[in-house]
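Asks: build the 3D model from these lines:
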Amino acid sequence: MTRRAPGRRPTRARTAKGASRVGERFEGVVGPVAHGGYCVVRLGEPEARVVFTRHCLPGERVVLEITEGTDGDRFWRADAVEILEASPDRVEAPCPVAGPGGCGGCDFQHVTASAQRELKAAVVREQLQRLAKLDVPVVVEDVSGGDPALAAGLRWRTRQRYVDLGEGRRGMRLHRSHDVVEIADCLIAGPPSDHTVDGIAFDVAADGFWQVHPNAASTLVSCVLDMLDPQPGERSLDLYAGVGLFARFLRERVGPDTRVVAVEADREACVRARRNVPRAEVVNGAVHAVLASALDEPFDLVVLDPPREGAKRAVVEQIVDRRPRAVAYVACDPAALARDLALFAEHGYRLERLRAFDLFPMTHHVECVALVVQGE
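Replies: Prediction:
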C-alpha cells in the first residue's frame, strides 16, 4: 500500500521543458554505474538520451519506465521494470518492498554483496578521476567482522527513521518522493548502538549524530590513527568534531599536555564533547567561521569529517593556511571528497592514501578516508 504522508507538502513542481515522458517504456542495454544508485542507459542514436536508471546492473538488457523527464531535459530518470537479460551479479532482493514503486531506502538489494562493493569502488574511482584528475585504485572494504547478518548487508542500521502511519503502522518513503510505502520490518534496521569504541563509552544525545553501522566508529578511528600516525607533542585539530570521537583518540596519542582542539557547530554536541574528551579545547561554531576568526596558528594534524556537501573552499584554504603535515579526510560523499581534494591540490597538498569502507550495505553510500599531505 502506498499513501501520502500526513503533514508533508509535495515537492514544488519544476517548470516543464516540453512534453512529459513519465510512464513511457523503452528497451535498452545498461551501461556503467553512476553516482547516486543509478546506472546509465543511453536511448537513441546518434545523440543518445542519457537515462539514469535504478534497479539494474551494468550489461543487463532491461525494459525501463521513465519516472522523471520531458523532451527538453538533458537527462531522464527511470526504473528498470523488467529484466530481459540478467547480470550474474543479480540476486532476488530479500526485502519484499525493494524495487520499482517500493521503498527508496535501498539502492542495491538486487545485487550480491561483493558486487555492491565493486559498484561503489567504480563510482569513487570515477568521481576522483573526473573531479580531481586522480587515477587511484579503489577497493571498498567489507566491515561486517564476520557477522552473518552484517555480511549479508542486513541488520546494520542502528538508528532508523520511519513515517508514522497511525494505529501502530509505519512506513518508508519512495525514492525522490513524499509518498510512503507501508512496511512491517526494515531488513537493514538493527539494534541500537551502545556508543562504545575500543572500550571507551561516549556520551551521545538520543538524537545526536553517531555512525549508524555498528562497526563504523571503531573502523574509522583505527583508519584515521593509522594514516595520521600521531606523535607525542603534535598539535591537532578535529573539525566537524561531533561529540569528540576522533579528538578523544588524538588526545591519547599526542599526550595530555599537547593542544587538541575540537570544532563543532552543534551546541549540544559540544557539551558532550567536553565530557568525552578531557582536557581538550572544544569550540562551538561553524567551522569556516571559527577558522576565519580564531585558532590562527600552526597545527600538525587535522581530522576533517564534514557533512555530505564537503568542506568547500573556505574551510580548505583555512586548513592549508595552518600548514599541517597531514590531514585525514573522512568523507561520506565521493563527489564532495574529489572536489575538495582538487582544492587541496591547488595549495600544494596531495592525496597520499585512500581507503573506502562499506558502511552502508544495500545502499549506494560509501565512506572514504583520504590522507592528504604536503608535497608534490
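Asks: CA atoms for contacts and neighbours, from now on please.
Replies: Will do.
Asks: what about stretch 335-354, average pLDDT?
Replies: Mean pLDDT, stretch 335-354: 98.
Asks: ok now it, how far from the chain's centre?
Replies: 17 Å (C-alpha atoms, centre = their mean, to the nearest Å).
Asks: contacts for that stretch next, please.
Replies: 124, 127-128, 131-133, 138, 227, 308-313, 316-317, 320, 331, 368-376 (C-alpha atoms under 8 Å, 6 or more residues apart in numbering).
Asks: now do 7 Å
Replies: The contact list for stretch 335-354 (C-alpha atoms under 7 Å, 6 or more residues apart in numbering) reads 127-128, 131-132, 309-313, 316, 331, 369-376.
Asks: what are the buried residues along it?
Replies: Using 16 or more other C-alpha atoms under 10 Å as the test for burial, stretch 335-354 gives 335-345, 349-351, 354.
Asks: now do stretch 253-261
Replies: 253, 254, 255, 258, 259, 260, 261.
Asks: from those, which is closest to residue 114?
Replies: Nearest to residue 114 among the buried residues of stretch 253-261 is residue 253, at 35.1 Å by C-alpha to C-alpha.
Asks: and the pLDDT for the closest one?
Replies: For residue 253, the pLDDT comes out at 97.
Asks: chain neighbours aside, what residue packs nearest to the spatially most central residue of the chain?
Replies: What sits nearest the mean C-alpha location of the chain, by C-alpha atoms, centre = their mean, is residue 332, with 3.1 Å. Of all residues not flanking residue 332 in the chain, residue 367 sits nearest, at 4.6 Å (C-alpha to C-alpha, 6 or more residues apart in numbering).
Asks: OK, contacts around that neighbour?
Replies: Residue 367 touches 331, 332, 356, 357, 358, 359, counting by C-alpha under 7 Å, 6+ apart.
Asks: what of residue 123?
Replies: Per C-alpha under 7 Å, 6+ apart, neighbours of residue 123: 33, 34, 35.
Asks: neighbour-wise, which one of the residues you listed leads?
Replies: residue 33 (23 neighbours; other C-alpha atoms under 10 Å).
Asks: each with direction, which strands does the helix or strand hosting that one pair with?
Replies: Residue 33 belongs to strand 25-34 when assigned by DSSP states H and E. Strand 25-34 pairs in its sheet with strand 38-43 (antiparallel), strand 61-68 (antiparallel), by DSSP bridges.
Asks: and the next element down the chain from the shortest one?
Replies: The element immediately downstream of strand 38-43 (helix or strand, assigned by DSSP H and E) is strand 49-54.
Asks: between that following strand and strand 25-34, how big is the angle?
Replies: Computed with axes from the mean of the first three to the mean of the last three C-alpha atoms, to 10 degrees, the direction of strand 49-54 lies at 80 degrees from that of strand 25-34.
Asks: packing partners of strand 49-54?
Replies: Contacts defined by 3 or more C-alpha pairs under 7 Å, 6 or more residues apart in numbering; DSSP states H and E place strand 49-54 against strand 38-43, strand 75-85.
Asks: just name the most buried of those strands.
Replies: Stretch with highest mean neighbour count among the helices and strands packed on strand 49-54: strand 38-43 (a mean of 22; mean count of other C-alpha atoms under 10 Å).
Asks: the inter-axis angle of that one versus strand 75-85?
Replies: Between strand 38-43 and strand 75-85, the angle comes out at 90 degrees (the same axes, to 10 degrees).
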